[in-house]
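Colleague: give me coordinates for this.
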Amino acid sequence: MEKKVTIYTDGACSGNPGPGGWGAMLMYGKTVREISGGAPATTNNRMELSAAIEALAALKEPCTVDLYSDSSYLVNAINEGWLKRWTANRWKTAAKKSVENIDLWKRILELTDRHRVRFHKVKGHSDNPYNNRCDELARLAVRKKP
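Modeller: Below is the predicted model:
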């Protein structure tokens, strides 16, 4: 029986592009693990994707995951079928432009093959304490020097 894990993620950037950070909370039963990191020159979207990647990669065995993010870019790419269309179109958008962040999307595909993941959109900067904590972790990571 696969473990059921709840993950919250968020990314932040000071300038876009600029120094960025990501934060995630992994919850299994009563256990809560917080992780975060950043990059010196990046974009907000890369940090949103990195938060999901790092959280899923931290799981030591295949799990059933509910992943919550305030990133429409991340959640819609999965739930609206954009990612499937991009891969079918050899990483081109509907407008025939190259998809941005292909390296990160490929990693997300690998991880969603390993785990059963449902992506959920949450309202950012609202009253969700888990999303707010991930935002705080991401903003703290922006300020850390690598």
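Colleague: what's the residue nearest in space to the middle of the chain sitting at in phi/psi?
Modeller: The residue lying closest to the centre of the chain (CA atoms, centre = their mean) is Ala52, at 2.5 Å. When quoted as degrees, to the nearest 10, the phi and psi of Ala52 stand at phi -70, psi -40.
Colleague: do you know how far it is from Ala94?
Modeller: 23 Å (CB to CB, to the nearest Å). All C-beta spots, glycine's among them, are computed from the backbone N, C-alpha and C.
Colleague: let me see the ranges of the strands in this protein.
Modeller: In the chain, the segments counted as strands under DSSP state E are 3-13, 18-28, 31-42, 63-69, 116-121.
Colleague: which of those sits closest to Lys144?
Modeller: With CB to CB, the closest approach to Lys144 among the strands of the chain belongs to strand 31-42: 6.2 Å.
Colleague: which elements pack onto that closest one?
Modeller: Packing partners of strand 31-42 (3 or more CB pairs under 8 Å, 6 or more residues apart in numbering; DSSP states H and E): strand 18-28, helix 44-57, helix 129-143.
Colleague: what about Tyr130, how many neighbours?
Modeller: Around Tyr130 there are 18 other residues, counting by other CB atoms under 10 Å.
Colleague: out of everything not next to it in sequence, what's closest to it?
Modeller: Spatial nearest neighbour of Tyr130, excluding adjacent residues (CB to CB, 6 or more residues apart in numbering): Tyr8 at 4.1 Å.
Colleague: so what's that neighbour up against?
Modeller: By CB atoms under 8 Å, 6 or more residues apart in numbering, the contact set of Tyr8 is 24-25, 27, 67-69, 122, 128, 130-131, 133-134.
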